[in-house]
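A.B. asks: Kindly return the folded structure for what I paste below:
(chains A and B)
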Amino acid sequence: EAGVAQSPRYKIIEKRQSVAFWCNPISGHATLYWYQQILGQGPKLLIQFQNNGVVDDSQLPKDRFSAERLKGVDSTLKIQPAKLEDSAVYLCASSPAGEAYGYTFGSGTRLTVV
Amino acid sequence: SQELEQSPQSLIVQEGKNLTINCTSSKTLYGLYWYKQKYGEGLIFLMMLQKGGEEKSHEKITAKLDEKKQQSSLHITASQPSHAGIYLCGAVPPDMRFGAGTRLTVKP
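C.D. replies: The predicted structure is shown next:
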């Protein structure tokens, strides 16, 4: 079974630039999550999708962050404009609908904002 | 929301030594997960605990869940350099929330 794919693995941008991350979940997994992990901290949930609908985006900074999951499969997370404090690893995870034990994480995208 | 506190924050042990990492929840635990993370990489699932008193083992890693104390512990026996990394506990529901992690260094 293929895992959760994320790209790019690394990204360095200047502050005020925009950036986008891509995630391809495990086939058949209805639920997709984006987490932000700042160095030295645990992952923090940004947004949760169920198919192509948003279930929880309460911790997504909506003034600069946006995410979509068109057709209920792939997802993109965008930051515009980026700030220095956005430097973090962005992790994507997926799970079968309603099954918490099925969480599978991608390798993450390490973003550095300079 | 669920708050998880892990201790210690970091741990340095000599190869071959045993160690324990703790995870305490501010709320009732319905499911507790342990993950391992190499620096800057994704999370690797280790174990899931759902029932009070449940204990699971994988190779030299054992995890226990104490529902009454709202706590889980992860124990590594005879640590090896391959055990080094960040150990994270996560809890549900409604979705996976994590502790801050414990950074483990194993000295050869």
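
A.B. asks: From chain A, how far out is the closest residue to residue B:81 other than its chain neighbours?
C.D. replies: Spatial nearest neighbour of residue B:81, chain neighbours left out: residue B:106 (4.9 Å); criterion: C-beta to C-beta, 6 or more residues apart in numbering or on different chains. (Each C-beta comes from the backbone N, C-alpha and C, glycine too.) From residue B:106 over to chain A the distance is 19 Å, taken as C-beta to the nearest C-beta, to the nearest Å.

A.B. asks: and residue B:106, how many neighbours?
C.D. replies: Residue B:106 has 20 neighbouring residues, counting by other C-beta atoms under 10 Å in any protein chain shown.

A.B. asks: Next one, pLDDT for it please.
C.D. replies: pLDDT recorded at residue B:106 is 97.

A.B. asks: Where does it sit, in terms of helix or strand?
C.D. replies: Using DSSP states H and E, residue B:106 sits in strand B:102-107.

A.B. asks: Could you check which residue of chain B lies nearest chain A?
C.D. replies: In chain B, the residue that lies nearest chain A is residue B:98 (3.5 Å; C-beta to the nearest C-beta).

A.B. asks: Give me the packing partners of the lowest-mean-pLDDT helix or strand in chain B, helices and strands only.
C.D. replies: The helix or strand of chain B with the poorest confidence is strand B:55-58; it has a mean of 88 (mean pLDDT, DSSP states H and E). On a contact count with 3 or more C-beta pairs under 8 Å, 6 or more residues apart in numbering or on different chains; DSSP states H and E, strand B:55-58 meets strand B:43-49, strand B:61-66.

A.B. asks: quick one: secondary structure of residue A:33?
C.D. replies: Secondary structure, DSSP: H, G, I helix; E, B strand; the rest coil: residue A:33 is strand.

A.B. asks: For residue B:38, report the pLDDT, please.
C.D. replies: 89.

A.B. asks: cool, and residue A:1?
C.D. replies: 63.

A.B. asks: For the strand or helix carrying residue B:23, C-alpha coordinates in PDB please.
C.D. replies: Residue B:23 belongs to strand B:19-25 when assigned by DSSP H and E. The C-alpha coordinates for strand B:19-25 follow below in PDB (Å, rounded to 0.1, in the frame of the first residue of the first chain):
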ATOM      1  CA  LEU B  19      14.200   4.400  30.000                       C
ATOM      2  CA  THR B  20      10.600   5.600  30.500                       C
ATOM      3  CA  ILE B  21       8.600   8.400  28.900                       C
ATOM      4  CA  ASN B  22       5.300   9.600  30.400                       C
ATOM      5  CA  CYS B  23       2.300  11.200  28.800                       C
ATOM      6  CA  THR B  24      -0.400  12.700  31.000                       C
ATOM      7  CA  SER B  25      -3.800  13.900  29.700                       C
END
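
A.B. asks: which outside residues touch the following helix or strand past it?
C.D. replies: Downstream of strand B:19-25, the first helix or strand assigned by DSSP H and E is strand B:31-37. The contact list for strand B:31-37 (C-beta atoms under 8 Å, 6 or more residues apart in numbering or on different chains) reads A:100-101, A:103, A:105, B:23, B:25, B:43-50, B:63, B:65, B:72, B:74, B:85-93, B:96, B:98, B:101.

A.B. asks: ok, now with 7 Å
C.D. replies: Contacts with strand B:31-37, where a contact means C-beta atoms under 7 Å, 6 or more residues apart in numbering or on different chains, come from A:100, B:23, B:43-50, B:63, B:65, B:72, B:74, B:85-92, B:96.
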